[in-house]
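Student: kindly return the folded structure for what I paste below:
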Amino acid sequence: MQKAIFLDRDGVINNPREKYYIFKKEDFFFNPSVFKRLREYSQNGYLIIIISNQGGISNKFFLKSDTENLHKHIIDEFKKENIGITEIYYCPHHSDNEKCICRKPDSLLIEKAIARFDIDKSKSILIGDSERDILSGEKAGIKSLLIKKNSDLPSLSDLL
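Tutor: As a prediction, the model looks like this:
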């Protein structure tokens, strides 16, 4: 079994800078320490998995293809830093428009990753900047850490 670090996207990986919906690469700004910390997690055997709500798709603020293009950009930027992102899962739904079980605080996206990558929940951690992030991790049965929005990611020794 493998261990994983699950990360929320907006507010944890990047700083939305007062924008609610981020779907263009020119609006995507990596938070301090992201490259350093994800490299550290990866070098210590953790899969890196991003879990994100992208309700702007359902609200028709942007397209699914916009989200996928941005995610390709994110993966490419991490590759330049020799960091592999195992997968990015996102929920395109919004609770104002439809019901789903993939939108955080539900845990379907985390559970999919756990099954797909044979992840040991007892050795995995979710890092998020909102209560709904933490609830989704707890529902999936993994340790969850709430951090301040746009703050430095904790070192691995602080997580364990």
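Student: ok, residue 146 - contacts?
Tutor: 128, 129, 130, 131, 133, 134 (Cβ atoms under 8 Å, 6 or more residues apart in numbering). (Each C-beta comes from the backbone N, C-alpha and C, glycine too.)
Student: let me know the pLDDT of it.
Tutor: You'll see residue 146 listed with a pLDDT of 97.
Student: what's the answer for residue 96, then?
Tutor: The model reports residue 96 with a pLDDT of 86.
Student: any low-confidence regions in this structure?
Tutor: Low-confidence segments of the chain, defined by pLDDT under 70: none present.
Student: strands of that one, start to end?
Tutor: Taking DSSP state E, the strands of the chain run over residues 3-8, 46-53, 87-91, 125-128, 143-146.
Student: which one of these lies nearest to residue 22?
Tutor: strand 46-53 (9.7 Å; Cβ to Cβ).
Student: tell me the angle of the closest one relative to strand 87-91?
Tutor: Relative orientation of strand 46-53 versus strand 87-91 (axes from the mean of the first three to the mean of the last three Cα atoms, to 10 degrees): 20 degrees.
Student: which elements pack onto strand 46-53?
Tutor: strand 3-8, helix 34-43, strand 87-91, helix 108-116, helix 131-140 (3 or more Cβ pairs under 8 Å, 6 or more residues apart in numbering; DSSP states H and E).
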